[in-house]
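**Q** fold the following for me, if possible:
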Amino acid sequence: MQLQKQPYTDRRQEPPELSVWWKKLSLAQKFSAGSLGKFGYELLFIRNEQGRSLAILSNQTDTVSITEDGDINGSPDIIIR
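**A** Residues are numbered from 1 along each chain as shown. The predicted structure follows:
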């Protein structure tokens, strides 16, 4: 599958650390997301696939995913609508 990149509008009114999505991340995902935040990545949403959470982050040009174990995938096979 080819990743379709479309601009999105960030409607967040609070810092990511206080968002509902941030609270649902595992500790390993929080560490990985925090390190990616230095490069402009922001948490978009969390998907549950086969009983495990997959965090999706973007910096307007690139999209990455983070597994529950904190592993970062720089080219995930997902389509963001």
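
**Q** quick check, Gly70 in a strand?
**A** No - with DSSP: H, G, I helix; E, B strand; the rest coil as the criterion, Gly70 is located in coil rather than a strand.

**Q** quick one, helices of this protein?
**A** Under the criterion DSSP state H, helices of the chain are mapped to 20-23, 27-37.

**Q** hey, which of those is tucked in deepest?
**A** When the helices of the chain are scored by mean count of other CB atoms under 10 Å, the highest mean neighbour count falls to helix 27-37 (a mean of 17). Where you see a C-beta, it was placed from the backbone N, CA and C, and this is true even at glycine.

**Q** what's that helix in contact with?
**A** 16, 22, 25, 41, 43, 53, 55, 57, 59, 64, 66-72 (CB atoms under 8 Å, 6 or more residues apart in numbering).

**Q** next one: that helix to chain centre, how far?
**A** 9 Å (CA atoms, centre = their mean, to the nearest Å).

**Q** put the alpha carbons of it into CSV.
**A** The C-alpha trace of helix 27-37 is given here as CSV (Å, rounded to 0.1, in the frame of the first residue of the first chain):
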residue,chain,number,x,y,z
LEU,A,27,5.7,4.2,29.0
ALA,A,28,8.0,3.0,26.2
GLN,A,29,5.8,4.8,23.6
LYS,A,30,6.0,8.0,25.7
PHE,A,31,9.8,7.9,25.7
SER,A,32,9.9,7.3,21.9
ALA,A,33,7.2,10.0,21.2
GLY,A,34,9.1,12.4,23.5
SER,A,35,12.3,11.9,21.5
LEU,A,36,10.5,12.4,18.2
GLY,A,37,8.9,15.5,19.6
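
**Q** do you know which of the helices of the chain lies nearest Pro76?
**A** Nearest to Pro76 among the helices of the chain is helix 27-37; the distance by CB to CB comes to 13.0 Å.

**Q** quick check: mean pLDDT of the closest one?
**A** Average pLDDT, helix 27-37: 94.

**Q** what does stretch 45-54 contact?
**A** Trp21, Lys24, Leu25, Ser26, Gln29, Ala55, Ile56, Ser65, Ile66, Thr67, Glu68, Ile78.
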